[in-house]
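>>> how would this look folded up:
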Amino acid sequence: MLRRASLLQPLVGKLLTAEENRVISGERLSEQQATTGLKVALRIIGAWEATPSQACRILRISPATYRRAWRGIAAGQRLDQDQQQRIGMVLGIHASLRMVFSNQANVKGFPRFKNDNPFFAGRSPLEVMAQGDMIALFETYKRIEHLVLAS
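Predicted coordinates:
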């Protein structure tokens, strides 16, 4: 699934740090890189005004890992490939939203907005991602990425 995310990399490369680019490209991350990626993803999800429970489901992390990362304690040593891919998709969604919207309120707010696209069926992207399954996250990522390609 992350191979698709790597297609977006040339578009967002200038928006992301080197560590964030590694997550998007699918490379296995070091402990420090995974910790940094997790902290960035949690900041993004927090800006979407997601609850801690939603953040845990989106990233498939435990509440204890959430608390450690939120407090700045290294939490990347045990992140598996699935969790790293989820982090990459959150970073990709954020980068896509930054490319589509010049207004920061829309970048942060779009995931909370109800969406009438048939896939979302009146739900917000955040609600769909917070279901916790990888397919819901990936399909949300694809639809938001499509906004970049359509603009």
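
>>> so which strand or helix has the spatially most central residue of the chain?
Central residue of the chain (C-alpha atoms, centre = their mean): Val90, 0.6 Å from the mean position. Element membership of Val90, judged by DSSP states H and E, is helix 81-100.

>>> One more: Ala69?
Per DSSP H and E: helix 63-70 holds Ala69.

>>> packing partners for the following helix or strand past the helix holding Val90?
Under the assignment DSSP H and E, the closest C-terminal helix or strand after helix 81-100 is helix 104-109. If contacts are counted by 3 or more C-beta pairs under 8 Å, 6 or more residues apart in numbering; DSSP states H and E, helix 104-109 sits against helix 81-100. The way it works is simple: take the backbone N, C-alpha and C, and place the C-beta from them, glycine included.

>>> List the buried residues in the helix it packs on.
Residues of helix 81-100 classed as buried by neighbour count (16 or more other C-beta atoms under 10 Å): 83-100.

>>> check contacts around Leu59.
Counting by C-beta atoms under 8 Å, 6 or more residues apart in numbering, Leu59 touches Leu38, Ala41, Leu42, Ile45, Gln83, Arg86, Ile87, Val90.

>>> What segments of this protein are helices?
Secondary structure of the chain (DSSP state H): helices at 2-12, 18-25, 31-47, 52-59, 63-70, 81-100, 104-109, 125-129, 134-150.

>>> and Pro118, which of these is closest to it?
Minimum separation from Pro118 across the helices of the chain (C-beta to C-beta) falls at helix 134-150, 10.2 Å.

>>> so that closest one versus helix 52-59, what angle?
Helix 134-150 and helix 52-59 are oriented at 80 degrees to each other (axes from the mean of the first three to the mean of the last three C-alpha atoms, to 10 degrees).

>>> so how far is helix 134-150 off the chain centroid?
Centroid separation between helix 134-150 and its chain, computed with C-alpha atoms, centre = their mean, to the nearest Å, is 11 Å.

>>> which other helices and strands contact that helix?
Helix 134-150 sits against helix 2-12, helix 81-100, helix 125-129, with contacts defined as 3+ C-beta pairs under 8 Å, 6+ apart.
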